[in-house]
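Engineer: Sharing a model prediction with you, sequence too.
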Amino acid sequence: LRVAKESIFSGLNNPEVATILSNRFSSYFGLSDNEVEEMLKYYEIEFEMDDVRNWYNGYIFGSNIIYNPWSIISYVDKWKEGFRAYWVNTSGNDMVKEIITRSGKGIKEDLEKLIKGESITKIVNDDVVFADIENDSNTIWSFLLFCGYLKVVSKEMKNKRMYCDLKIPNTEVE
């Protein structure tokens, strides 16, 4: 998620930005299925692979499906304690809670669909900046996507806008 808009007057102009929707560098943002499988074999817990996929896999960066490294490392370290949500406890979710609390009925209905396992179709703007989130309620979907709460199932360009089918990526985030 961009922190600020770039401009010739900001001291930050012409940056090269790669978002989770870009293929550029997309294989470097997490662990692949093969890497996780190899890790579980090394620690002799490969019998857990299907459950690990359900809990921690499903993030899509560009065209790569990846696992969150923090969650995998935490799970491998504490696997005898069972599956838990590790990633969501790494930061405060106050901003997300505040935005959702202030949001309208439509956003809350869409969130209910997501929690039920359904997908929703929304316009996603990969140029959205942090400050825009509070000014435009539709940017919440881009924000939730770029922060890892959602994944893109499919996308389509229409009228110079990107429409994405969005879902919750895995059990940990759910």
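Structural biologist: Nice, thanks for sending it over.
Engineer: Apart from its neighbours in sequence, what residue is nearest the residue positioned nearest the centre of the chain?
Structural biologist: With distances taken as C-alpha atoms, centre = their mean, Gly148 lies nearest the centre of the chain, 1.9 Å away. Counting by C-beta to C-beta, 6 or more residues apart in numbering, Gly148 lies nearest to Tyr59, which is 6.5 Å off, once chain neighbours are set aside. In short, each C-beta sits where N, CA and C put it, glycine included.
Engineer: Provide the count of other residues in contact range of Ile120.
Structural biologist: By other C-beta atoms under 10 Å, the residues close to Ile120 number 16.
Engineer: Please apply the same query to Val17.
Structural biologist: Around Val17 there are 10 other residues, counting by other C-beta under 10 Å.
Engineer: now do Ser142
Structural biologist: Residues within reach of Ser142, counting by other C-beta under 10 Å, total 27.
Engineer: ok so it is a strand residue?
Structural biologist: No. Going by DSSP: H, G, I helix; E, B strand; the rest coil, the assignment for Ser142 is helix, not a strand.
Engineer: Just the pLDDT for it.
Structural biologist: Predicted confidence (pLDDT) for Ser142: 86.
Engineer: where's it relative to Tyr43, distance?
Structural biologist: Per C-beta to C-beta, to the nearest Å, Ser142 is found 37 Å from Tyr43.
Engineer: what does Ser32 give?
Structural biologist: Per C-beta to C-beta, Ser32 is found 17 Å from Tyr43.
Engineer: Between these two, tell me which one has more neighbours.
Structural biologist: Ser32 (14 against 11).
Engineer: Could you look up the SS state of the residue nearest to the more buried one when sequence neighbours are not counted?
Structural biologist: Distances taken as C-beta to C-beta, 6+ apart place Ile66 nearest to Ser32, at 6.3 Å, with adjacent residues excluded. Under three-state DSSP, Ile66 falls in the strand class.
Engineer: Please enumerate the strands of this protein.
Structural biologist: Using DSSP state E, the strands of the chain run over 59-61, 64-66, 120-124, 151-158, 161-167.
Engineer: can the ones you listed go into JSON lines with extra columns for mean pLDDT and distance to Lys97?
Structural biologist: Output for the strands of the chain, formatted as JSON lines (pLDDT from 0 to 100; distance: least, C-beta to C-beta, whole Å):
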{"stretch": "strand 59-61", "mean pLDDT": "85", "distance to Lys97": "22"}
{"stretch": "strand 64-66", "mean pLDDT": "87", "distance to Lys97": "26"}
{"stretch": "strand 120-124", "mean pLDDT": "92", "distance to Lys97": "19"}
{"stretch": "strand 151-158", "mean pLDDT": "91", "distance to Lys97": "21"}
{"stretch": "strand 161-167", "mean pLDDT": "93", "distance to Lys97": "19"}
